[in-house]
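1. Sequence first, then the predicted structure:
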Amino acid sequence: MKRCIPLLAILMALVCPPSPAAEPVLALKAGRVFDSRAGRVGSAQVILVEKGRISAMGPGLAIPDGATVIDLSGYTVMPGLIEAHAHLLQEHPGDEHNTLTVTKAVAMEGDPLRALRGAARARSYLEAGYTTVRDLGNAGRFADVALKRAIDEGSVPGPRLFVSGPGLAPEGGQVPNLAPGHAGLIDGDYRIVRGAEDARIAVRENVYHGADLIKIYSNSSPNRTLLSLAEMKAIVEEAHLYKLKVTAHATTDEAIERALEAGVDAIEHGYKLSDTTLRQMQRKGVFLVPTDMDVSLAEKQVRKLNMPLTREQVVGLAKPYHERLRRARDTGVTIAAGSDMYMGLGPSRGEAAKRVLFAYAEAGLGTREILQAATINNARLLDQEGLGVLAEGAHADIIAVHGNPLDELAAIERVVFVMKAGVVAKALPR
């Protein structure tokens, strides 16, 4: 006999579908925990993760029935590292003129290929323990936004990206010696600004296409061209209207001082800084992102350029940068860790980016402040309270390293586990 299903039951099933199964709880058993707020390593804790967030953590915390347990008891657990100055869609071989690198990327590589190669570099960052990357231009016409969206939707693996889109620059950007009539070649990497009103329009373009922050070039080294103070003020005012922060490429004291007068939120590089300018930065709460290179990478570059420099000479060249970094620290300027690593010098991009932290150590910064620069300070730079910390309610961006990084900074090179948004991106070796 044929059985009839009541119409009411069918309608109820359509209107009230079955409740989805509850997401499993993950329980991480941490041997030690780095507290980025306090800058110290504490004893064993259990960290519970639900729906991409840390739902609870503490010593001796009960593990719920049915939870998936990940045993990290032999390691130090930390917030995922944050990179404040990256160029995922650019690769400089280390031994050619920057003009050639940029024009080849724009005219020969093209945005689709750059984005695909950028995806591979992004994955290397994630595997190295960087769960968040702030990418600052040289990424084609918003190919960085495309990569960010692909990562967000799960099409490719990678860290959380905060992207600037094309940097807003004076005539010529950072590309010298282009012949007259060919300056348009760099439009793929820079948004050339011509006047205060055009500066506002440039901000709106970047906002419309999905930029998370605005990058400007207060000076455009190695070119001599500068943005005017009126242009920079217009950029800052317009960006702040959209609640976006503005960071300035600025390598000289004069360029930094002008950017501060315009009201920027952060300074990239800051190679030459007077005490007066540092005090201004401290008073205004402006971050410094020192993109320094450690001796080991500097030696690789020197060899690639066939420069007859000894190790002692390489160390000597770094001394002025070390000194300005210590003065910045002593003045109370907040240091945010950013590598500006875009050269192919051997290590993967993610591993090479970590060398900036060793450069800070060579300058005399302590491991506590170095680790804070790469975690909580960078989260504050991004204005993201849920990143850079291990705390209830924070994003479950978590890494584990072999050893105690406060005792030995090299422990950050021994990343054995990576989780981003509650999803394991690098599992413990079996």
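-> Sure thing, it's come through. Since this is a predicted model, take the numbers as computed values, not measurements.
2. Gly263: neighbouring residues, count only.
-> 16 (other CB atoms under 10 Å). Any C-beta I mention is one placed from the backbone N, CA and C, and that applies to glycine too.
3. For it, give me its contacts.
-> For Gly263, the contacting residues are Lys233, Val236, Glu237, His240, Val246, by CB atoms under 8 Å, 6 or more residues apart in numbering.
4. In ChimeraX, select just the buried ones from those.
-> The following ChimeraX line selects those of those that are buried, judged by 16 or more other CB atoms under 10 Å:
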select :233,236,237,246
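5. Save the contacts of Gly263 as CSV, and put in secondary structure too.
-> Output for the contacts of Gly263, formatted as CSV (DSSP: H, G, I helix; E, B strand; the rest coil):
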residue, secondary structure
Lys233, helix
Val236, helix
Glu237, helix
His240, helix
Val246, strand
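6. In terms of distance to Phe34, which of the contacts of Gly263 ranks first?
-> Nearest to Phe34 among these: Val246, at 30.8 Å, using CB to CB.
7. List the residues that contact the residue nearest to Ile151 when sequence neighbours are not counted.
-> Of all residues beyond its chain neighbours, the one nearest Ile151 is Gly158 (4.0 Å), with distances taken as CB to CB, 6 or more residues apart in numbering. Neighbouring residues of Gly158 by CB under 8 Å, 6+ apart: Ala119, Ala122, Arg123, Tyr125, Leu126, Val133, Leu147, Ala150, Ile151.
8. what about Gly158, distance to Met419?
-> Gly158 sits 14 Å away from Met419, taking CB to CB, to the nearest Å as the criterion.
9. any chance of the contacts of Gly158 in JSON lines, plus pLDDT, neighbour count and secondary structure?
-> What follows is the contacts of Gly158, written out as JSON lines (pLDDT from 0 to 100; neighbours: other CB atoms under 10 Å; DSSP: H, G, I helix; E, B strand; the rest coil):
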{"residue": "Ala119", "pLDDT": "97", "neighbour count": "20", "secondary structure": "helix"}
{"residue": "Ala122", "pLDDT": "98", "neighbour count": "28", "secondary structure": "helix"}
{"residue": "Arg123", "pLDDT": "97", "neighbour count": "19", "secondary structure": "helix"}
{"residue": "Tyr125", "pLDDT": "98", "neighbour count": "27", "secondary structure": "helix"}
{"residue": "Leu126", "pLDDT": "98", "neighbour count": "23", "secondary structure": "helix"}
{"residue": "Val133", "pLDDT": "98", "neighbour count": "30", "secondary structure": "strand"}
{"residue": "Leu147", "pLDDT": "98", "neighbour count": "28", "secondary structure": "helix"}
{"residue": "Ala150", "pLDDT": "97", "neighbour count": "19", "secondary structure": "helix"}
{"residue": "Ile151", "pLDDT": "98", "neighbour count": "21", "secondary structure": "helix"}
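10. what's the distance between Ile216 and Asn306?
-> In this view, Ile216 and Asn306 are 35 Å apart by CB to CB.
11. what about the two, which has more around it?
-> Neighbours were counted for Ile216 and for Asn306 using other CB under 10 Å; Ile216 has more, 30 against 7.
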